[in-house]
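# just the structure for this:
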Amino acid sequence: MNRSTRALYRCPPAYLALCLAMAIATPVSAQDATNNGGPAATGPSASGDTNDGTSSQNAKTLAGMQVTANSAVSTIAPTQGSTVATEPQSIIGSTFIQENIPPTGDYTDAIAISPSVYTIAPNGSGLMETSVASIRGFQDGQYNVTFDGIPWGDSNDFTHHSTSYFTNQDTSSVTVDRGPGTAGTLGDATFGGTVSVESINPTSQFNIRPYISFGSWETAVEGARIDTGSLNSSGTSAVVNVQNSSSDGYLTYAGQQRQNVFAKIVQPLGDNTTLTFGGMWNKIKQYVPFGATKEEIAEYGPNYGLNNDPTSQDYYRYTNDQITTYMGYVGLHSEFDGWTIDNKGYTYAYNHFGFNGLDPNGETPNGTFCNGKGNDCQDPNDVPAQHMRNWYRSWGDILRVSKELGPGELRTGMWFDDQDNLRWEYEFDDTLDEPAINTTGQPTKGSDSPVDRFMTDSLRTLQPFVEYQWNITDQAYLIGGVKYEDFQRNIDSLYNQKTGTPLDYSKEWNATLPSASFHYAFTSNWTAYAQWAKGFLAPNLNLFYVTNPSISDSALEPEKTTNIQLGTTWSSDRLSVSGDVYKIDFNNFIQSEKHGGNTYFYNGGGVHYKGVELEGTYMLGAGFSAYANGSLNRAIQTESNTWNPNTPHKTAAVGFIYSNGSIYASLMDKFVGKTYYTANSNDDTPIGGYAITNFTASWKFDPHITNVKDLKIGFQLNNLFNNTHINALAGTTAADGTPLFFTIPARNFNFTVSADLF
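Residues are numbered from 1 along each chain as shown. This is a model prediction of the structure:
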């Protein structure tokens, strides 16, 4: 790590916010606490931030995008549509997140209940990065994930490390937007939609909430949330959440240790302006299996992951990740004289050191410092391995300006992001605990070059947009807009990935993305919408993993979708129900082929998506509610006429909830229909449909203890019927391409105790 990088890690932005919040965390008189038990109420949030996700409303209504109504059913519903949305979306509020998701879980565990969503947490909730997170067949990397409106992720392929940033205790709500949104929806992967994660907001009363949890696989979580309350006459407030967790994990020898800190400070500036500081720091160490063959599962059991044999390439101490991340932002929100200005400057970073045996599934024999001729190795019994590093840092700014103009509102703005990335990997001898290079960086003992890759790259993104909302009548409005996307990749490789040769190259792409949405309110609680919009996906960095990228990229276009969607939402005090139909055409599919030893890329084919989705919650009475959702999905690749991988034919969920005063209980079942793990052969093994049933219950009461206002006891029993069938393809072996699989984690529990102090 260089000197500037070490300096950043000495003082990540999260620490600045934490130190300040802890310094001012003293109890004072305050107004009633802000409600954090359910989805945020309509109107501006406590932070003054607006939702930077798939907005289709004016700025004053924008913060209310996360609710359907401030009603009893909106608080209790596991997922719900929005009466102000202009595309299909499912909102998961804090009640469902805190009551139903294990304390170790992350946003992918929360969205798993949604229609058309298929997620895989092979080591238990949040105990390993999610291996599959599919929405209508769009995979991670084909849709945006935002945190408080900030798009984040790896610039090489736009995927996300689900365990490396925020925790469920940092989260107030999550929204799954199944569409590219309006022109004001920002990010490099509007291609398949947006998952918007919103952080917790400070309450107006001082409170300290310690919590502790333990569960299956020696899982333990300890943490505390501190709300300062209103600190002065201007309303300054802050919230801090500090958390530590550890677990052995469901898979053998796949343990995890994690520490996380999140803090937010909200400073009102007069009556119309709010300044918000947010920061997060996360550190994780996890032992990471690559999956198991069917033979290994049959011999060792469905939870086979790693082993405890130091002579094996599958030894757990040889295969682990050590990851440190941070994120910080400063947001300014102001409303005056028909104007709304919202600006958010941010930075985030990811520092990953990874270690793994060369072939953990045993198809490659031991031996290091080999000369590439059969098994002629200097140390034939030593364990070959690989060490890698992936580091990146983004700086960016999101500006949004709106003005009431004529019969509606004009909105414009811009997103700028610049991410720098360092990636290296080299061969290693785990038995000797030394690299296959000497101090000069040259190969030793007659081996070929041990360096697999050493490269730096960057991605610069600029997205200006403009849109207008025309309020046709009191019941109807039309939003039309356009976004211009300009992005530039640069790579400087001493050893380029795959080729192993030097490359210094740069390429710039751009795209123009129009959209139009119509919204109509039949009554105050029944609305409908129609949407036509273009989505896009910026080209992957792997386009540069060739000897000469210029052979193909001069004519290469970004991948795009054309979305047509119709939907409706009804929300009353006792019933919330929504449904939609969609048709999406994906074109410009980037494919590759070899000519004369050179690999070149071209646009060809795509995928046709279509389907129907429903979700609803009905309050039966006496504290009981019924919930259900379902989807029928179809995704066919156009060139091969084969089913798109990781796209279930159908999904469904059904559940019953009891919520009465201090008692909460739910029984939820999620069904995922048959899917395929590739689309390349007629004999591709399908992953059969399966269901997982979870039960949760909690009780909040006054323990009559000095300085303890409330005590809460919660219990979760996951996978009630102990279904451990195969549910995902993990990958293939390095040597022979043998399929590797993950299974459903066995029945497990969590027991949690929390208290509200003072």
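# contacts, neighbours, all on C-alpha from now
Noted.
# and the helices in the stretch 451-600 of the chain?
Along the stretch 451-600 of the chain, counting by DSSP state H, counting those that start in this stretch, helices occupy 550-553.
# for Thr95, helix, strand, or coil?
Counting by DSSP: H, G, I helix; E, B strand; the rest coil, the backbone at Thr95 sits in helix.
# which strand residues bridge Asn694?
Counting by DSSP bridges, Asn694 forms beta bridges with Met668.
# so how far is Asn719 from it?
Asn694 sits at a distance of 5 Å from Asn719 (criterion: CA to CA, to the nearest Å).
# what does Gly270 give?
From Gly270 across to Asn719, the span is 51 Å (CA to CA).
# ok, the two, which is more surrounded?
Asn719 (21 against 10; other CA atoms under 10 Å).
# correct me, but the more buried one touches Ile692?
Yes - with contact defined as CA atoms under 8 Å, Asn719 reaches Ile692; the gap is 5.3 Å.
# now do Phe536, the pLDDT please.
Among the per-residue scores, Phe536 holds a pLDDT of 88.
# okay, now it: neighbour count?
Using other CA under 10 Å: Phe536 sits among 27 other residues.
# in the sheet, who's paired with it?
Beta bridges link Phe536 to Lys560 when assigned by DSSP bridges.
# that one: what's it in contact with?
Listed by CA atoms under 8 Å, 6 or more residues apart in numbering, the contact partners of Phe536 are Asp188, Ala189, Thr190, Phe191, Leu513, Pro558, Glu559, Lys560, Thr561.
# looking at those residues, spot the one nearest Thr276.
Using CA to CA, Asp188 is the member of the contacts of Phe536 that lies nearest Thr276, at 24.9 Å.
# quick one, phi/psi of the closest one?
Backbone geometry at Asp188, expressed as degrees, to the nearest 10, gives phi -80, psi 0.
# burial count for it?
Neighbour tally, Asp188, other CA under 10 Å: 28.
# from Pro464, how far off is it?
For Asp188, the distance to Pro464 - CA to CA - is 13 Å.
# wasn't Glu295 part of a helix?
Yes - using three-state DSSP, the secondary structure at Glu295 is a helix.
# still on that earlier bit, which of the contacts of Phe536 sits closest to Phe214?
Ranked by distance to Phe214 (CA to CA), the contacts of Phe536 are led by Ala189 at 37.3 Å.
# ok, the closest one to Asn144 distance?
5 Å.
# of the two, who's got more company?
Set Ala189 next to Asn144 and count neighbours by other CA under 10 Å: Asn144 wins out with 30 against 26.
# redo the contacts of Phe536 as TSV? Include pLDDT.
Formatted as TSV, the contacts of Phe536 follow (pLDDT from 0 to 100):
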residue	pLDDT
Asp188	92
Ala189	92
Thr190	92
Phe191	91
Leu513	95
Pro558	81
Glu559	86
Lys560	89
Thr561	93
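# give me the buried entries from those.
When those are checked for burial by 16 or more other CA atoms under 10 Å, the buried set is Asp188, Ala189, Thr190, Phe191, Leu513, Pro558, Glu559, Lys560, Thr561.
# could I get these as CSV with distance to Ile92?
Output for those, formatted as CSV (distance: CA to CA, whole Å):
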residue, distance to Ile92
Asp188, 24
Ala189, 22
Thr190, 20
Phe191, 22
Leu513, 29
Pro558, 32
Glu559, 29
Lys560, 28
Thr561, 26
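# and the residue lying closest to Thr547 once chain neighbours are set aside, what pLDDT?
Leaving aside its sequence neighbours, Thr547 sits nearest to Thr499 (CA to CA, 6 or more residues apart in numbering; 6.4 Å). For Thr499, the pLDDT comes out at 86.
# any idea where the strands of the stretch 351-500 of the chain begin and end?
Secondary structure of the stretch 351-500 of the chain (DSSP state E, counting those that start in this stretch): strands located at 368-370, 377-379, 384-405, 408-429, 434-435, 451-471, 476-495.
# so which elements touch the shortest one?
Put plainly, it is strand 434-435. Applying 3 or more CA pairs under 8 Å, 6 or more residues apart in numbering; DSSP states H and E, one finds that strand 434-435 makes contact with strand 408-429.
# any idea of the angle the strand it packs on forms with strand 451-471?
Computed by axes from the mean of the first three to the mean of the last three CA atoms, to 10 degrees, the angle separating strand 408-429 from strand 451-471 equals 170 degrees.
# pairing partners for strand 408-429, with directions?
Strand 408-429 pairs in its sheet with strand 384-405 (antiparallel), strand 434-435 (antiparallel), strand 451-471 (antiparallel), by DSSP bridges.
# show residues contacting the shortest one.
Contacts with strand 434-435, where a contact means CA under 8 Å, 6+ apart, come from Tyr426, Glu427, Phe428, Asp429.
# which stretches of the stretch 51-200 of the chain form strands?
For the stretch 51-200 of the chain, the strands defined by DSSP E, counting those that start in this stretch occupy 89-92, 117-120, 132-135, 144-147, 150-151, 171-177, 194-199.
# parallel or antiparallel, which strands does the last one pair with?
Paired with strand 194-199 in the same sheet, following DSSP bridges, are strand 144-147 (parallel), strand 171-177 (antiparallel).
# now render the ones you listed as TSV, adding distance to Gly105.
Shown next, in TSV, are the strands paired with strand 194-199 (distance: least, CA to CA, whole Å):
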stretch	distance to Gly105
strand 144-147	16
strand 171-177	11
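# as JSON lines, the ones you listed with distance to Glu218 and mean pLDDT would be great.
As requested, the strands paired with strand 194-199 are exported to JSON lines (distance: least, CA to CA, whole Å; pLDDT from 0 to 100):
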{"stretch": "strand 144-147", "distance to Glu218": "30", "mean pLDDT": "96"}
{"stretch": "strand 171-177", "distance to Glu218": "25", "mean pLDDT": "96"}
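# relative to Asp452, which of the ones you listed is closest?
Asp452 sits nearest to strand 144-147 of all these, at 29.9 Å, using CA to CA.
# contacts for that closest one next, please.
Contact with strand 144-147 is made by 53, 151-153, 158, 160, 187-190, 192-199, as judged by CA under 8 Å, 6+ apart.
# run the chain-centre distance for stretch 560-570.
Stretch 560-570 has its C-alpha centroid displaced from the chain centroid by 22 Å (CA atoms, centre = their mean, to the nearest Å).
# same check on stretch 637-655?
On CA atoms, centre = their mean, the centre of stretch 637-655 falls 21 Å from that of its chain.
# still on that earlier bit, okay, and the common contacts of Ala189 and Asn144?
Looking at what touches both Ala189 and Asn144 (by CA under 8 Å, 6+ apart), the common residues are Phe158.
# any weak-confidence spans in the stretch 1-150 of the chain?
1-70 (pLDDT under 70).
# how about the helices in it?
Under DSSP H, counting those that start in this stretch, the stretch 1-150 of the chain gives helices at 3-10, 13-23, 59-62, 72-76, 94-100, 107-111.
# before we move on, what about the stretch 151-300 of the chain?
For the stretch 151-300 of the chain, applying DSSP H, counting those that start in this stretch gives helices covering 294-300.
# among the contacts of Phe536, which pair sits farthest apart?
Asp188 and Thr561 (13.2 Å).
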